[in-house]
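**Q** Sequence first, predicted coordinates after that:
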Amino acid sequence: MSLPIVECIPNFSEARRPAVIDSIRQAITSVPGVSVLDQHSDLDHNRTVITFAGVPPGVEEAAFRAIATAARLINLDEHSGAHPRIGATDVVPFVPISGVSMQECVEIARRLGRRVGGELDIPVYLYEEAASSPERQNLETHRRGQYEGLKTEIETHAERAPDFGPRRLGLAGATVIGARHPLIAFNIYLTTADVSIAKKIAKAVRFSSGGLRYVKALGLLVGGRAQVSMNLTNYHATPLARVVEFVRREASRYGVEIHHSELVGLTPEDALVDAAIWYTQLDQFEPGQILERRLSQALGGADSEPAATSFLDALAAGTPTPGGGSAAAYSGAAAAALVAMVARLTLGRKKYLPVEEQMESVLEQAEVLRSDLTGAVDRDAAAYQALLAAYRLPKESPLEADLRAQAIQAATLAAAQVPLEVAGACVDVLDLAAQVVEHGNVNALSDGASAAAIAQAGLACAGYNVRTNLVNFEDRETAASYQASLAQLERRAAAVEEKIKSLLEIRGGITTS
């Protein structure tokens, strides 16, 4: 079983006073179970990004201490820099890494926001997955007018009211807190000092003004060079190489070139591998061809044991968890991975150019589902452990017995909720499997069909766990609602399964009983 890990990447409006950054970093590392992974400071931006990770409670506490330290040491009235900002701690995103769902990161963001607003008297805005409304999802919405503009508008404009904290700005400004998927902070420097060119390119490349999906961009002057500063919010759907080539093409229009690029903080390894594959045209590349990965598997000993083997060993052990619910989630994640594989085998092939956009969408959705279902493996086990703990509560007095009964009912509902969510995700995977069976690379037809079969198995396993947990649930109305939701998912899956059978026969001559 993997340890629950959350990543946090706060941005602080300071880079020119090392002692201030050291104090913030010390506040983070003062929390046990939290490790700083990276620190990036830019003097022109006057901004520092610190990446840290650890168990969820520790990361949440470390973020609070960092915000409190920054509020004490940074005065926004005295701050200047190229990068937009509204606070001493400008933005605090939480990212699920392993054994943690996006919803859990949303809850962390909201708890922290409430605490920062209440204890530190700092206005807090929620964004991305934690946003209080769709209109508040984008970070740019909250940064509009920057610190100076927000000073007035927070008191006079209803739409600028914070989610937590006072409707006034102190010297620490405001803080934006949220939950999101991993992103790549990526900057491209041009062979010119003309910032207007960078701004034009940024406008062309960013999605909000008609550019590439999942790209946010600004044009800035940094270190005497024009810079296109970007956030890539989904590198699977909009790869790094595509962004670089887009910027290169736009730059050539103005008679300039790319001078160099830089990463701010960390990036997933696969993003760089995908870029290398694109530039070298290694269409038949396999991840196992990377020397270091192969050596790690061969020489790494116990630490290199594949996650699948570790999970299966835990599943086979004589312990209550992980059990059938975790196996259901694991099956769904495997099905989503197969769908992603077929989508990748379809993308970039001339024969399948008409479905390129659809396959990119399928790939994006499959990866999100794979992440969610992988996290559900541990969440299901944790829910059942909580139920066992409720049954172990004392019941000697009437009050204790009543509290124990309430705890059992609450834990039972939670134990049914997780597999119901898994069931829904498995049906979503099944829908995607139908798309790759219908439009994907015909050479991977059996892989798409296998994804569908495994997703069906995950749905069936999850269904057993939902129904088992509801047998003794006292609120029969709620139990009936859960049962109805499950039945609806099963009907939807049955219809998709029939469609897939027809598609297999049409595209591959494969008949099933």
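**A** All right, it came through fine. On a predicted model such as this, the values are computed, not experimentally measured, just so you know.
**Q** Quick check: bridge partners of the closest residue to Val34 other than its chain neighbours?
**A** Sequence neighbours aside, Gly54 is the residue nearest to Val34 in space, at 3.8 Å (criterion: C-beta to C-beta, 6 or more residues apart in numbering). (Each C-beta comes from the backbone N, C-alpha and C, glycine too.) Following DSSP bridges, Gly54 is listed with bridge partners Val6, Val34.
**Q** Based on its surroundings, how many neighbours for Gly54?
**A** Gly54 sits with 25 neighbouring residues when counted by other C-beta atoms under 10 Å.
**Q** do Asn465 as well
**A** With neighbours defined by other C-beta under 10 Å, the count for Asn465 comes to 26.
**Q** and it, that's in a helix?
**A** Yes: when classified by DSSP: H, G, I helix; E, B strand; the rest coil, Asn465 is found to be part of a helix.
**Q** contacting residues for it?
**A** Residues in contact with Asn465, defined by C-beta atoms under 8 Å, 6 or more residues apart in numbering, are Gly324, Gly325, Ala328, Asp380, Ala415, Ala416, Pro419.
**Q** Can you tell me which helix or strand of the protein has the lowest average pLDDT?
**A** Least confident helix or strand of the chain, by mean pLDDT, DSSP states H and E, is helix 291-299 with a mean of 73.
**Q** Leaving out sequence neighbours, find the closest residue to Lys151.
**A** Closest residue to Lys151 apart from its sequence neighbours, by C-beta to C-beta, 6+ apart: Leu169 at 5.0 Å.
**Q** now that neighbour, what's its secondary structure?
**A** Assigned by three-state DSSP, the conformation of Leu169 is coil.
**Q** again, but for Leu266
**A** State at Leu266, reduced to three classes by three-state DSSP: coil.
**Q** How about Ser261?
**A** Here Ser261 is recorded as strand under three-state DSSP.
**Q** Check what pLDDT the most far-flung residue of the chain relative to its centre gets.
**A** Within the chain, Ser397 marks the point farthest from the mean C-alpha position, 45.5 Å out by C-alpha atoms, centre = their mean. Confidence at Ser397, expressed as pLDDT, is 87.
**Q** just to revisit the earlier point, would you check that the residue nearest to Val34 makes contact with Val6?
**A** Yes: using C-beta atoms under 8 Å, Gly54 is in contact with Val6, at 7.1 Å.
**Q** which residues touch stretch 260-270?
**A** Surrounding stretch 260-270, the residues in contact under the criterion C-beta under 8 Å, 6+ apart are 9, 37-38, 40, 42, 49, 51, 182, 184-189, 235, 244.
**Q** Which ones among those lie within strands?
**A** Secondary structure from DSSP state E places Leu37, Asp38, His40, Asp42, Val49, Thr51, Ile184, Ala185, Phe186, Asn187, Ile188, Tyr189 of the contacts of stretch 260-270 in strands.
**Q** Is the fifth one bridged to anything, and to what?
**A** What it means is Val49. Legend: beta-bridge partners of Val49 under DSSP bridges are Asn11, His40.
**Q** For it, which residues are in contact?
**A** Taking C-beta under 8 Å, 6+ apart, we find Val49 in contact with Ile9, Pro10, Asn11, Phe12, Asp38, Gln39, His40, Ser41, Ala185, Val264, Gly265.
**Q** The same query, at a cut-off of 10 Å, please.
**A** With contacts taken as C-beta atoms under 10 Å, 6 or more residues apart in numbering, Val49 has the following neighbours: 9-12, 15, 38-42, 90-91, 185, 264-266.
**Q** which of the residues you listed lies closest to Leu486?
**A** Of all these, Ile9 has the smallest distance to Leu486: 37.5 Å, by C-beta to C-beta.
**Q** Which one of the contacts of Val49 is nearest to Arg25?
**A** Closest approach to Arg25 among these (C-beta to C-beta): Gln39, at 6.8 Å.
**Q** Could you check how far the residue most central in space within the chain is from Val95?
**A** Among the residues of the chain, the one closest to the centroid is His181, at 2.1 Å (C-alpha atoms, centre = their mean). From His181 over to Val95 the distance is 7 Å, taken as C-beta to C-beta, to the nearest Å.
**Q** Would you mind listing the residues touching both of the two?
**A** Applying C-beta under 10 Å, 6+ apart, one finds that His181 and Val95 are jointly contacted by Met102, Cys105.
**Q** Could you double-check that the residue nearest to Lys151 sits in contact with Tyr147?
**A** Yes: proximity of Leu169 to Tyr147 meets the contact threshold set by C-beta atoms under 10 Å, at 7.2 Å.
**Q** top helix in this protein by residue count?
**A** helix 398-439 (DSSP state H).
**Q** and which of the ones in strands among the contacts of stretch 260-270 is nearest Ser252?
**A** Each of these was scored against Ser252 by C-beta to C-beta, and Ile188 proved nearest at 13.1 Å.
**Q** and that closest one, what are its bridge partners?
**A** Listed beta-bridge partners, Ile188: Val228, Ser261 (assigned using DSSP bridges).
**Q** I'd like to know how many residues surround it.
**A** Using other C-beta under 10 Å as the criterion, Ile188 is surrounded by 25 other residues.
**Q** Next, the contact list for it, please.
**A** Counting by C-beta under 10 Å, 6+ apart, Ile188 touches 198, 201-202, 205, 217, 225-230, 243-244, 247-248, 251, 258-262.
**Q** And it, what's its pLDDT?
**A** Reported pLDDT at Ile188 in the predicted model: 97.
**Q** quick one on the thing from earlier: closest one of the contacts of stretch 260-270 to Gln435?
**A** Closest to Gln435, out of all of the contacts of stretch 260-270 and judged by C-beta to C-beta, is Tyr235, at 21.5 Å.
**Q** Can you classify Val256 as helix, strand or coil?
**A** Criterion first, three-state DSSP; result for Val256: coil.
**Q** give me every residue that touches it.
**A** Taking C-beta under 10 Å, 6+ apart as the test, what Val256 contacts is Leu190, Thr191, Thr192, Asp194, Ile197, Ala198, Ile201, Ala226, Arg248, Glu250.
**Q** Could you measure from it over to Ser196?
**A** Counting by C-beta to C-beta, the gap between Val256 and Ser196 amounts to 11 Å.
**Q** Need the overlap of contacts for those two.
**A** Ala226.
**Q** which intervals of this structure have sub-threshold pLDDT?
**A** Across the chain, residues meeting the criterion (pLDDT under 70) sit at 1-3, 296-309, 513.
**Q** can you list the domain ranges for it.
**A** Here the chain is described, according to automatic domain parsing, as comprising the domains 5-179, 184-280, 305-508.
**Q** Let me have those in JSON lines, extended by distance to Ile290.
**A** Output for the domains of the chain, formatted as JSON lines (distance: least, C-beta to C-beta, whole Å):
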{"stretch": "domain 5-179", "distance to Ile290": "21"}
{"stretch": "domain 184-280", "distance to Ile290": "7"}
{"stretch": "domain 305-508", "distance to Ile290": "15"}
